[in-house]
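S.K.: Below is the structure, and that's it, no one-letter string:
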């Protein structure tokens, strides 16, 4: 009974967004603390690992697969600074292979930008995640204009994803924030 209570406590705040079953693995996409993550579990349920990402803010999705007897799953990754990328992930070897990157016809250099995750406390005490995108050289002295965009309802929220439209403002010195 104590183990069951501990397992339930660990799952509080976790929303299962999607799941896929393979011959030797289960893959689930879950949202925790406003970010999606991919968790791979061995079929016997004994070994579990999460695919790690370096950026503070990103959007992540699973791509449907039609092959059951495979050790490879596909996911899509993007962030406010990184265009959409498709990866094949070998669940047994824990390696990923980049298959495609969204082309930006006007060109794009992710190293010119920075994304941060901030948490604001609402009047009711709830933490509200805010994802900020700006050029690396944007002054943080209050002189840069800021556009704050937000939407959230019934479990639906804005994800920190790549947008050429947002970069248009950021390239002109604005700070883009998504709550």
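M.R.: The structure has been received and is ready for your questions. Bear in mind the structure is a predicted one, so any value in this text is a computation, not a measurement. Numbers count the residues shown, from 1 in each chain.

S.K.: What about residue 51, how many residues nearby?
M.R.: Residue 51 has 18 neighbours, counted by other C-beta atoms under 10 Å. The C-beta positions use only the backbone N, C-alpha and C, and glycine is treated the same way.

S.K.: Who are the contact partners of the nearest residue to it once chain neighbours are set aside?
M.R.: What sits nearest to residue 51 in space, not counting adjacent residues and going by C-beta to C-beta, 6 or more residues apart in numbering, is residue 38, at 4.5 Å. Taking C-beta atoms under 8 Å, 6 or more residues apart in numbering, we find residue 38 in contact with 27-29, 50-51, 60, 62, 75, 89.

S.K.: If residue 38 is in a bridge, with which residues?
M.R.: For residue 38, the beta-bridge partners under DSSP bridges are residue 29.

S.K.: what's the spacing between it and residue 165?
M.R.: According to C-beta to C-beta, to the nearest Å, residue 38 stands 27 Å off from residue 165.

S.K.: Check residue 50 too.
M.R.: Taken as C-beta to C-beta, the span from residue 50 to residue 165 is 31 Å.

S.K.: who has more neighbours, those two?
M.R.: More crowded of residue 50 and residue 165, by other C-beta under 10 Å: residue 50, with 11 against 8.

S.K.: Could you check how far that one is from residue 18?
M.R.: Residue 50 sits 15 Å away from residue 18, going by C-beta to C-beta.
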